[in-house]
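Q: I need the structure of the sequence given here:
(chains A and B)
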Amino acid sequence: MTAIPVLLAASSVDTFIQTLFKALALGSLYSILALGFVLIFKATQTVNFSHGALALAGTWFLSMIFMDWDIPGRWLPGPNWLHWGIALLLAMLVTAVFGLIIERLTIRPMIGEPVFSMAVITLGLEVMIRVIADDAVMLTPRTLGIPWGSDTFKIGGASVAWSYIAAVVMAAFVFFVIWRFLRTRTGVAMQATAFDQEAALAQGINVGMVFAIAWAAGSALAAAAGIFASMSPWAAAGVASREGAFFAFRALPAVIVGGLDSVPGALAGGMLIGFVEIFAGQYLSGQAGILGYGYQQVIPYVVMLIALLIKPYGLFGTEEVRRV
Amino acid sequence: MRGRPNLYTSYASESRLFPTRTQQLAIGIGFILLLLMPFDLPVIDQVPLIRFLGDNAWLRVVNRMLIFCIASLGLNILSGLGGQVSLGHAFFMGVGAYTAVLVGGPGSSNLWGWGLPIWIWLPASGVVAALVGILVAPAAVRVRGLYLAITTLGLVFIGLHLSRIFPEIAGPGSLGRKWPKLEVRIWKEEEPFLDFSRDGHWFWFDITDNQKTYYFLLALLIIFALWAANLARSRTGRALAAIRDQDVAAEIMGVPEVKYKTIAFAISSFYAGVAGALLASFAGQMPPEAWDLILSVEFVAILLIGGIGRISGALAGTFFVVLSPRFVEEIIEWMTEQAEGDGAFSGMWDFFISLGHGDFGFISINETALGYPIPYSSLDEIIYGLLIVLFMLFEPLGLYGIWINIRNYWKGWPFSY
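A: Below you'll find the model as predicted:
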């Protein structure tokens, strides 16, 4: 009685379009996060559990750069959105430097150790960065000064937030950049390192540089995802929030479904999880009484469990060949 | 051949629990100390660390530690012995805790609870958790390494959601519901047969609730530790160690991988379930959010800090991780006293501690809200994260590795090799 009349109602097309944009945007956020995980994993065989904390730190950096110090705006004339865009890139850059420091101090000495030791290091880092960033962020709400705020526009009867478009554009941008990058000389070196670290070193590849680049890129992507996750439909409009940190844990299913070491997998996994989560949230809401409040946030994990039962290394992940 | 360490003439003597005379003696003395610890005794009172235990606040923390010991022993069977690293330990603890409250808790119109005594709800919590472990195992044995860690991480979030679907079990509010107390009844009668949650009189001693709980938990811990130690020496333990060291080779040699991984999941979940029930019962009231990822991470940290795969490592790690926040608090209190006083070094401590508003220092003792200066509740967490990172970087074998270094120094003395 509940679900079908909603689908047949006059606004069903509008609902569908709205849901589609929502899903695309969420999928984009998950993809950006998953891409960061994948880059870091490919290069250093580390699942970076501190990704969410880095996202939170990146949000904080943007708030400092753009709102407190007014950084490109105090020197540059021009429209607000341009300043914000530059500040966004600066925040990503600062987070990348932060990631470099982390990599150099804690990950580089551990290369070659059991993968789980490294994962646990990132768990420890997560606790530290999260608590410090929480201390910095949570006391007074920090605004991000997002140019489009919580504005929406209409497609027919469907209202779509500009943040959705921004997230999709950002995802397209970073995937394009990474895709191009992986075809440059350094990018090929990176793929070689991911394949076999020692062989790459023997071929004269600067393996340390590859680790550094991967961590810098991964951290910058975490910052971007954290900032976009703090926008209006996902968090209170334009306030730096812990949403990015929560998103990072919900993006883990996307990484696993796509495959831990696959760049196309990050896009596919992120989109799949985003679409399933949003569409289930929209079209199963009649069953919320049975499924429980907030059920859509658990759906990624359920999808992940099912996907792992069918394909243990994800959709695009390299199957590990086990030898004695 | 007697009395020669590291000279084994039979398999039985190599796999003995306490092979050397020194070890037997150390265990014996340690056991007597553990028995005497909670009392104010004339001589032991003067020993620094142990002295605190006559104090109730410390004894409460120690009791909590004993419960955590049981849970980390459970994770040690799965991760240390079987090599399967799980981030879902908190989920199994939660399963145990909610089984306990369902079986042993008081029922009402909107809460389910059967009010049965502890000798039913404590084993039940372990058994149900073990069954859930067996249920999860088919998915978990298919994946390995980091994929397994992330899969089990998913369990924690699914568990949190399940607590929202069943408010009849988890309690409606964010405070959670009341757990049954630690008291032994024959059946549902009014007066408990043995009560661990009230002060009382045993033989010719007055004994407080915390001291009673301490003995109860200590007894349980010894049982569980002996079980874990014996498991490692059994066929199951050897099979798990083979799977951990080289899973393909183990399978080729005829060790059924799926079967033993499932067994490891079940036993580890049993430990977790019992520990979860005890923890919730000990705390009295817990929100569902207490069984979250942070708790799971804590157990992994305990194992890695203590030394993975070792029972003594799991116990030492728990001691370190659970008690270190308490030590940090003590140190900060002491620093505050120094900073407030006018001793020769008060200026130095004042540098660290922010006493009032606007006072310089990066640790705040007054502000509980998040922000700068850092309140010391979050300082605990920062130090905890830092410890994990430092141990992994500099002592991957954990406290056990440190102990090995010390032991080898004396073994090899006067040579350093």
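Q: how far does the helix of greatest length in chain A sit from the chain's center?
A: Looking across chain A with DSSP state H, the single longest helix is helix A:12-44. Computed by CA atoms, centre = their mean, to the nearest Å, the chain-centroid distance of helix A:12-44 equals 8 Å.
Q: for that helix, name the packing helices and strands.
A: helix A:51-62, strand A:158-161, helix A:162-181, helix A:185-195, helix A:207-229, helix A:243-258, helix A:263-283 (3 or more CB pairs under 8 Å, 6 or more residues apart in numbering or on different chains; DSSP states H and E). To be clear about C-beta, it is placed using only N, CA and C from the backbone, and glycine gets the same treatment.
Q: mind checking which of these is nearest chain B?
A: helix A:243-258 (5.3 Å; CB to the nearest CB).
Q: are stretch B:64-75 and chain A in contact anywhere?
A: No - contact of stretch B:64-75 with chain A (CB under 8 Å from any CB of the partner chain) is absent, the minimum separation being 12.9 Å.
Q: tell me the mean pLDDT over that stretch?
A: Across stretch B:64-75, the average pLDDT comes to 95.
Q: please apply the same query to stretch B:196-204.
A: For stretch B:196-204, the mean pLDDT works out to 73.
Q: export that stretch as PDB, just CAs?
A: Extracted C-alpha coordinates of stretch B:196-204, given in PDB (Å, rounded to 0.1, in the frame of the first residue of the first chain):
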ATOM      1  CA  PHE B 196      29.300  -9.600  44.400                       C
ATOM      2  CA  SER B 197      27.800  -6.200  44.200                       C
ATOM      3  CA  ARG B 198      27.300  -5.400  47.900                       C
ATOM      4  CA  ASP B 199      29.700  -5.200  50.900                       C
ATOM      5  CA  GLY B 200      29.700  -8.200  53.100                       C
ATOM      6  CA  HIS B 201      31.400 -10.500  55.400                       C
ATOM      7  CA  TRP B 202      33.400 -13.600  54.300                       C
ATOM      8  CA  PHE B 203      34.800 -16.000  56.900                       C
ATOM      9  CA  TRP B 204      36.300 -13.600  59.500                       C
END
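Q: and the contacts of that stretch?
A: Here stretch B:196-204 makes contact (CB atoms under 8 Å, 6 or more residues apart in numbering or on different chains) with B:181-184, B:206-209, B:212-213, B:216.
Q: buried sites along it?
A: By neighbour count on 16 or more other CB atoms under 10 Å in any protein chain shown, the buried set for stretch B:196-204 is B:196-197.
Q: please identify the residues of the stretch 1-150 of chain B in proximity to chain A?
A: Going by CB under 8 Å from any CB, the residues of the stretch 1-150 of chain B near chain A are B:85, B:138-139, B:142-143, B:145-147, B:149-150.
Q: restricted to helices, list the residues you listed.
A: B:138-139, B:142, B:146-147, B:149-150.
Q: mind checking which of those residues are buried?
A: Judged by 16+ other CB under 10 Å, buried ones among these: B:139, B:142, B:146-147, B:149-150.
Q: ok, these vs B:I243, which is closest?
A: B:R142 (14.2 Å; CB to CB).
Q: list the contacts of the closest one.
A: By CB under 8 Å, 6+ apart, the contact set of B:R142 is A:308-309, A:312.
Q: give me the subset of those residues touching chain B.
A: Among these, the ones lying near chain B by CB under 8 Å from any CB are A:308-309, A:312.
Q: which regions of chain A sit below the pLDDT cut-off?
A: A:1-10, A:136-140, A:236-244 (pLDDT under 70).
Q: ok, now the stretch 1-150 of chain B?
A: For the stretch 1-150 of chain B, the stretches with pLDDT under 70 are B:1-5, B:40-56.
Q: give me the number of residues near residue 211?
A: Because you didn't say which chain, this covers chain A. Neighbour count for A:F211, taken as other CB atoms under 10 Å in any protein chain shown: 23.
Q: chain B, not that one
A: Residues near B:Q211, counting by other CB under 10 Å, number 23.
Q: what sits against it?
A: With contact taken as CB under 8 Å, 6+ apart, B:Q211 is in contact with B:38-39, B:59.
Q: ok, for B:G176, nearest residue in space, not its chain neighbours?
A: Nearest residue to B:G176, sequence neighbours excluded (CB to CB, 6 or more residues apart in numbering or on different chains): B:P287, at 4.2 Å.
Q: from A:A53, how far out is the one you found?
A: B:P287 sits 23 Å away from A:A53, going by CB to CB, to the nearest Å.
Q: more crowded one of the two?
A: Under the criterion of other CB under 10 Å, the comparison of B:P287 against A:A53 puts A:A53 first, with 28 against 15.
Q: which ones are touching the more buried one?
A: A:125-126, A:128-130, A:133, A:245, A:248.
Q: out of those, which touch chain B?
A: Restricting those to those near chain B by CB under 8 Å from any CB leaves A:125-126, A:128.
Q: from these, pick the one nearest chain B.
A: The closest of those, once distances to chain B are taken by CB to the nearest CB, is A:M128, at 3.6 Å.
Q: OK, contacts around the closest one?
A: Counting by CB under 8 Å, 6+ apart, A:M128 makes contact with A:53, B:381-382, B:385-386, B:389.
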